[in-house]
Each structure stands twice: as C-alpha cells, then as structure tokens.
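Asker: model the structure of this input:
(one chain, ligands or ions: 1)
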Amino acid sequence: MTPAELLLTKTGGTVLALVLLLCLALLLRRLYGQRGPRRDPSREAPARDINTAPFLAYARGFFSGEARGDSLLALKAEHTLRVLEEARAIAASEPAFSAALPRRALLLAALYHDLGRFEQLRRYRTFVDARSCNHGLLGARILSRGVFLAGEPEEVRRLVLTAVALHNRQRLPEGLSGPGRLVTQGVRDADKMDILRIMAGQLAAGAVADPAVVMHLADEPQSWSAPLLSALEEGRTGSFSDMRFYNDFRLLLCTWLQDLTFAVSLRRLRDAGHLEAILGGLAAAPEAQARARRAVEAFFRAAADADRQGKRPCPPSLPDR
Ligand SMILES: [Fe+2]
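Answerer: Okay, the predicted model is just below:
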C-alpha cells in the first residue's frame, strides 16, 4: 500500500487529522504563547478572580464580641464588598479598564481600599480621620507589609498601594497621571457610589441616622451651612471641615457628583436615585433643598449633554507596554 492509499483508509484519515490539529496547536502556541509575536500581554491573567477570603479573614480578626464595635466593622466589611461590585461595574463599562493589568489593580484596590479602617477603629475608637489618622495611608502601610498582594505583578502592587493611599484625598495630586490616576479614580468612584447608597439610607426623609455614621453632626432639620451650598452651586467638592449639621452632610454628598470621573458612575447613581433620596431629607430647609436640587439637576443635564457631544473628558489612556 502506497502512502497515498494509506491516507485514504479510515485509520490513515484519523491520523492525518490528528497531525493537522497538533500542527495548528503548535502554530498558535508559537504565535500567541509566552514569547510569541502576536501575544497580547494586556489580555493575560484576567481569569483569576479576586479572592475576597484574605480580606474577610483579616476583618474577622478585629471582631471582639462587643456588639457596637462589631456592627461598625461588619458595616465596613459589607461596604468593601459593595465597593468591589461597583468597581466591577466600572471595569466592565470603561474601555480604559479592558486591559488586564489596570482592571486587576482596580479590583484589588477596591477590595483593600478601607483596610486601614479596622486598625483605625481598634486604635482610636473612631472612623473620623481628623480625630485619629489618615485611614488611606494606614491601609497602604498595612497592605505593603502584609501578604495580601503576594504573587501580584510589581506594577499591580504599585497601582493598588497608590490607589489605597489616595482614595480618601479630597483632591488628587496634580502629578498623578497614567494608570496610577486611572485606578485611583476608579476606586474613588466606586467608594463614593456605595457611600452615597449608605448615606441615602441614613439621611433620606424619615430615616433615623446613626450618630457615628453621620459623624456626630447636629440634627437640626432647618439648619445648613452656606459654604457647602456655595461649593455645590459653584461646582466644587465640599469640605468635611465645613460640616456642622445633618443637612451639611446632605449638601456635601451632593457635591461628590462633581468628583465622579466615569460616565457609568453617573448613570448608575442617577438610576439608583440615591441623590434624590438625600435631597428629600432637606425638606425642612426648603431654600437649601430647592437650590441644591437645581444644582444637581443642572449637573446631570450638563453631564448628559457633554456625553452626547463626546465632550466629557476622557480618563487617561494607558501608556504602551
Ligand atoms: Fe475609605
């Protein structure tokens, strides 16, 4: 039997098909494998999902059996998992996070952004940074010394530490650019989104606020402070140090709109109705409520117009790798 006749038999055909498949696999590996010319590093390692177990185990270590402290810590752990979900939504919608490296850094930074809160509460019995310490910097220090980021690429570690350290800054440093700025903005958006959800539950009309969560402000339904309303109307982020009353917190939360970077965050916020609920809590201060509502509605309108016209500033693109 000649080789050609052999190939025409059933066994020969099967062998030929297997050889062709093997050749194809080798060719693909050569092109797209570790050192292949068609390899796309940005698409690698996306499948490894974020493991929340080390964070949850760390958080559990701070539970003492004292009901009040434990419930505050439980809220922080729950907040963290929701911030991670918000970060996933941002990563899924924003092209800047389509590459594996910034996406992974964003999700890890979201998971660890409030790591410092646990040590902060144990040491100082408060979550107020001004009365204790900067929980972003504390968290970054704990992260850098622990094993949470072991096995991550150096660049991912660097991005996560930057984002955790800066997530709670009122303003980002001018010099922060590229992926560092991108990932930090992503975490800040995700964090604010969940804080707005929590605060809508605390500060909506008829809600009963937890004094610790509303930072021990004065509950005077008709009172509000001019600097926060001015900040909202002038398009600036309000300052915590200007807050005296519950209504000030409501106004400050409205100013966060201006600090959201990604279009998906604005969309999700509008759909969730958190700001509308917070504005509803200003009912006993009708002038502040009307002016704040006008400012918020004008902002949403302007953002939607800018989006339609493609004018909304784009997040920084990533440098070539
Ligand atoms: Fe935080």
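Asker: flag every residue of the stretch 201-321 of the chain that's near the ion.
Answerer: Applying the criterion Cβ under 5 Å from the ion, no portion of the stretch 201-321 of the chain neighbours the ion. Any C-beta I mention is one placed from the backbone N, CA and C, and that applies to glycine too.
Asker: and the closest residue to the ion within the stretch 201-321 of the chain, how many neighbours?
Answerer: Residue nearest to the ion within the stretch 201-321 of the chain: residue 240 (12.5 Å; Cβ to the ion). Close neighbours of residue 240, defined as other Cβ atoms under 10 Å, add up to 14.
Asker: surely it meets residue 252?
Answerer: Yes. Applying Cβ atoms under 8 Å, one finds residue 240 in contact with residue 252, separated by 7.0 Å.
Asker: which residues touch stretch 221-233?
Answerer: Applying Cβ atoms under 8 Å, 6 or more residues apart in numbering, the set of residues contacting stretch 221-233 from outside is 236-239, 242-248, 251-252, 254-255, 282-285, 288, 291-292, 295-296.
Asker: is residue 261 in a helix, a strand, or coil?
Answerer: Assigned with DSSP: H, G, I helix; E, B strand; the rest coil, residue 261 falls in the coil class.
Asker: backbone dihedrals for it, please?
Answerer: Dihedral angles of residue 261 (phi, psi; degrees, to the nearest 10) stand at phi -90, psi -40.
Asker: identify the residues contacting it.
Answerer: Here residue 261 is in contact with 185-186, 188-189, 315 (Cβ under 8 Å, 6+ apart).
Asker: returning to what we had before: restricted to helices, list the contacts of stretch 221-233.
Answerer: 246-248, 251-252, 254-255, 288, 291-292, 295-296 (DSSP state H).
Asker: determine which two of those residues are furthest apart.
Answerer: 246 and 295 (18.6 Å; Cβ to Cβ).
Asker: so for these two, which sits in the more crowded spot?
Answerer: For residue 246 versus residue 295, the count of surrounding residues by other Cβ under 10 Å is larger for residue 246: 23 against 20.
Asker: hang on, isn't that one packed against residue 215?
Answerer: No. Taking Cβ under 8 Å as the definition, residue 246 is not a contact partner of residue 215, at 9.7 Å.
Asker: between the ones in helices among the contacts of stretch 221-233, which is nearest residue 58?
Answerer: Proximity of the ones in helices among the contacts of stretch 221-233 to residue 58 (Cβ to Cβ) peaks at residue 252, which lies at 30.0 Å.
Asker: got the contact list for that closest one?
Answerer: Residue 252 neighbours (Cβ under 8 Å, 6+ apart): 228, 231, 238-240, 242-243.
Asker: cutoff 10 Å now
Answerer: 199, 225, 227-228, 231-232, 237-240, 242-243, 278 (Cβ atoms under 10 Å, 6 or more residues apart in numbering).
Asker: restricted to buried residues, select those in ChimeraX.
Answerer: Filtering the contacts of residue 252 down to the buried ones (16 or more other Cβ atoms under 10 Å) takes a single ChimeraX command:
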select :199,225,227,228,231,232,238,243,278
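Asker: closest one of the contacts of residue 252 to residue 304?
Answerer: residue 232 (18.3 Å).
Asker: tell me the pLDDT of that closest one.
Answerer: At residue 232, the model reports a pLDDT of 95.
Asker: got the angle for the helix or strand that contains it vs helix 246-255?
Answerer: Using DSSP states H and E, the element containing residue 232 is helix 226-233. Helix 226-233 and helix 246-255 are oriented at 20 degrees to each other (axes from the mean of the first three to the mean of the last three Cα atoms, to 10 degrees).
Asker: and helix 226-233, C-alpha only, in PDB?
Answerer: Below are the C-alpha coordinates for helix 226-233, written out as PDB (Å, rounded to 0.1, in the frame of the first residue of the first chain):
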ATOM      1  CA  ALA A 226     -23.500  78.300  53.400                       C
ATOM      2  CA  PRO A 227     -20.000  77.100  52.400                       C
ATOM      3  CA  LEU A 228     -21.400  73.700  51.400                       C
ATOM      4  CA  LEU A 229     -24.300  75.100  49.300                       C
ATOM      5  CA  SER A 230     -21.800  77.500  47.700                       C
ATOM      6  CA  ALA A 231     -19.500  74.600  46.900                       C
ATOM      7  CA  LEU A 232     -22.400  72.700  45.300                       C
ATOM      8  CA  GLU A 233     -23.500  75.700  43.200                       C
END
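Asker: count residues in the vicinity of the nearest residue to residue 97 once chain neighbours are set aside, would you?
Answerer: Nearest non-adjacent residue to residue 97, counting by Cβ to Cβ, 6 or more residues apart in numbering: residue 91, 4.2 Å away. By other Cβ under 10 Å, 20 other residues sit near residue 91.
Asker: so residue 91: helix, strand or coil?
Answerer: With three-state DSSP as the criterion, residue 91 reads helix.
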